[in-house]
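Student: next one to model:
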Amino acid sequence: MSENSKATSTSTAAQAKKGGLFSFFEPAPHIPRLPDAEVAKLYPKYRLQVFMSIFIGYATYYLTRSNFPMAAPHLIRNLGFTTADIGNVRAALGLAYGLSKFVMATWSDRSNPRYFMAAGLFLSGVVNLFFPLTTSVTIMFILMFLNGWFQGMGWPPSGRTMTHWFSVSERGTKMAIWNCAHNIGGGIIAPICIWALFSFGWQGMFYVPAVIAIAISFFIIATLRDTPQSVGLPPIEEYKNDYPVAAKGIDAEKELSVKEILFKYVLNNKYVWTIAIANAFVYCVRYGVVDWAPTYLMHMKQLSVKNAGWGYFIYEYAGIPGTLLAGWLSDKYFRGRRSPVSFIYMIAVLAAVFVYWKNPAGNPLVDIIALATIGFLIYGPVMLIGVSALDMVPKKAAGTAAGFTGLFGYLFGTVGASSGIGYAVKAFGWDAGFYILIGSCLLAMLFLLFTWNYKPTCEADDAACKA
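Tutor: Numbers count the residues shown, from 1 in each chain. Have a look, this model is predicted:
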């Protein structure tokens, strides 16, 4: 083991022994390096294991937040909620999730994702058990705010895990595969909720996902691991011989302070700010379409609850091939440049949103195709902006950078998609909601242009590689 590795291991171990109120979440200490033969055998095994852990775990996070849009038409019908009420409750999730994804990310970057991610999922499941027990919009708003806060404990530890176990040159493709967890969780909630509705009433739409989430939180503890060094393996950069530009001149394995993470690597980074603003508009489109799809399709296009639910399902699952294609294009064709792919995708999203809007009632096939097209396309930019955030900072600040872009995405994008569209529809009709979606597409494209040429990879002929 090198002197630098020993020093890093000693520092990490010492940090883990500090204890304190939240010592349970401290990063796992590094252990002595295993023999090369063991490294060659175990590294692929652990990479697959931790990947499946965060994939299944994050997909399950979606069960306890994507269930609310499925339940929304039944809350309107059975409890007398208005679209504005639904929008406000949804906004609580966006507000809390955006704040939490940033605030909790600074903690996550200095925590063991094995326990951090599991705790958030467990608590989100517990909160969902209480939704059916109230008919008050105010109490439901408070519960959704709590749910959103715990939901913010899902992405940052996943991002930390990805940067420690997968190198920069493979990250676009691997993150594209992982990002499909969004679609798996967001899509499978439709048949789960349909089954729960007919088995237990609308209350089952909260109870069933809650029980699943609590169970999967223990699966995460059993399978997820912190860093490669915590199980006796070398850093991923050494294992893959793949070093990012951001790592040049710094100790990539050093745990950073909150001050360093925020003021040295995130808040003073113009590229992070730019993609964060773009993310706000991408998320407004993403959630403006998907969260209102069941309500819009049932009330304006006269689809049945089953058909509206399946439209929601198709939207999510269409995102899987689109996400995989986006990751492959950014890695292989654009050689690490994420924004060109996102920009091209958003042009097509704009066209699909227009068709979804203008298609008259009575043509459900066109609506479903338009939804599927939007789903195929929108998750590409969602994923690539997240990858860009990881690319733009050292890996010990990755969760915070992703959390910062998420702050904009949820605090401004999702709140706009929820409350903004909810009030616009109530006051001016559905056309006003679509004006918001069209404008968001255009503004997302504008800000993506500012990072068109940003490239994170360190190639042999780059000056940064020779520094």
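Student: could you find the closest non-adjacent residue to residue 112?
Tutor: Computed as Cβ to Cβ, 6 or more residues apart in numbering, the closest residue to residue 112 that is not its neighbour in sequence is residue 226, at 4.7 Å. All C-beta spots, glycine's among them, are computed from the backbone N, C-alpha and C.
Student: for the stretch 51-200 of the chain, which spans come out with low pLDDT?
Tutor: Applying pLDDT under 70 to the stretch 51-200 of the chain flags no residue at all.
Student: the helices in it, which residues?
Tutor: With helices called from DSSP state H, counting those that start in this stretch, the stretch 51-200 of the chain shows them at 67-79, 83-108, 113-128, 137-151, 155-165, 168-200.
Student: tell me the most buried of those helices?
Tutor: Sort the helices of the stretch 51-200 of the chain by mean neighbour count, taking mean count of other Cβ atoms under 10 Å, and helix 155-165 sits at the top with a mean of 28.
Student: count of neighbours near residue 40?
Tutor: For residue 40, the count of nearby residues is 11 (other Cβ atoms under 10 Å).
Student: please apply the same query to residue 358.
Tutor: Using other Cβ under 10 Å: residue 358 sits among 11 other residues.
Student: could you measure it against residue 149, distance?
Tutor: Distance check for residue 358 against residue 149: by Cβ to Cβ, to the nearest Å, it reads 38 Å.
Student: go ahead and list the helix or strand containing residue 453.
Tutor: For residue 453, there is no host helix or strand (DSSP states H and E).
Student: need phi/psi at it.
Tutor: Phi and psi for residue 453, reported as degrees, to the nearest 10, are phi -100, psi 10.
Student: spatially nearest residue to it (excluding sequence neighbours)?
Tutor: Distance criterion Cβ to Cβ, 6+ apart; nearest residue to residue 453, sequence neighbours excluded, is residue 337 at 6.8 Å.
Student: give me the neighbour count for that neighbour.
Tutor: Around residue 337 there are 23 residues (other Cβ under 10 Å).
Student: that one and residue 445: what is the separation?
Tutor: Counting by Cβ to Cβ, the gap from residue 337 to residue 445 is 16 Å.
Student: residue 216 contacts residue 124, correct?
Tutor: No. Contact criterion Cβ atoms under 8 Å: residue 216 and residue 124 do not qualify, at 10.6 Å.
Student: contact partners for the residue nearest to residue 453?
Tutor: For residue 337, the contact set (Cβ atoms under 8 Å, 6 or more residues apart in numbering) comprises 330, 452, 453, 454, 455.
Student: state the number of residues packed around residue 26.
Tutor: 20.
Student: got phi/psi on it?
Tutor: The phi/psi pair for residue 26 (degrees, to the nearest 10) reads phi -60, psi 150.
Student: 98 is where my numbering starts, stick with that
Tutor: Yes, from this point I'll number from 98; that puts the last item at residue 123.
Student: thought it was touching residue 211?
Tutor: No. Applying Cβ under 8 Å as the test, residue 123 and residue 211 come out as separate, 11.1 Å apart.
Student: quick one: contacts of the host helix or strand of residue 334?
Tutor: Assessed by DSSP H and E, residue 334 sits inside helix 333-337. With Cβ under 8 Å, 6+ apart as the contact definition, helix 333-337 has outside contacts at 136, 140, 261-264, 266-267, 325, 330, 339-341, 344, 349.
Student: what is the neighbour count of residue 134?
Tutor: 8.
Student: got a pLDDT number for it?
Tutor: The score at residue 134 is 92. That number is its pLDDT.
Student: with residue 342 instead?
Tutor: 57.
Student: same check, this time on residue 408
Tutor: 76.
Student: gap between residue 153 and residue 484?
Tutor: Where residue 484 is concerned, residue 153 sits at a distance of 20 Å (Cβ to Cβ).
Student: the more surrounded of these two?
Tutor: Counted by other Cβ under 10 Å, residue 153 and residue 484 do not tie: residue 484 has more neighbours, with 30 against 17.
Student: look up how far residue 283 lies from that one.
Tutor: To residue 283, residue 484 is 19 Å away according to Cβ to Cβ.
Student: likewise residue 256?
Tutor: From residue 256 to residue 283 the distance is 18 Å (Cβ to Cβ).
Student: out of the contacts of residue 434, which is nearest to residue 164?
Tutor: Closest to residue 164 out of the contacts of residue 434 is residue 427 (31.6 Å), distances taken as Cβ to Cβ.
Student: from residue 333, how far out is that closest one?
Tutor: 19 Å.
Student: kindly report the same for residue 519.
Tutor: 44 Å.
Student: and the helix or strand hosting residue 144 with helix 210-225, angle?
Tutor: Using DSSP H and E, residue 144 maps to helix 133-160. Counting by axes from the mean of the first three to the mean of the last three Cα atoms, to 10 degrees, helix 133-160 lies at 20 degrees to helix 210-225.
Student: now the angle from helix 133-160 to helix 234-248?
Tutor: 170 degrees.
Student: may I see the buried residues of helix 133-160?
Tutor: Using 16 or more other Cβ atoms under 10 Å as the test for burial, helix 133-160 gives 136, 139-140, 144, 146-148, 150-160.
Student: likewise for stretch 535-547?
Tutor: Using 16+ other Cβ under 10 Å as the burial criterion, the residues of stretch 535-547 that qualify are 537, 538, 540, 541, 542, 544, 545, 547.
Student: TSV please, covering these and showing pLDDT.
Tutor: Formatted as TSV, the buried residues of stretch 535-547 follow (pLDDT from 0 to 100):
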residue	pLDDT
537	94
538	95
540	96
541	95
542	95
544	94
545	93
547	88
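Student: between those, which is nearest residue 302?
Tutor: residue 537 (28.2 Å).
Student: specify the local secondary structure of the closest one.
Tutor: helix (DSSP: H, G, I helix; E, B strand; the rest coil).
Student: that one is in contact with residue 381, isn't it?
Tutor: Yes. Here residue 537 lies in contact with residue 381, judged by Cβ under 8 Å, at a distance of 4.1 Å.
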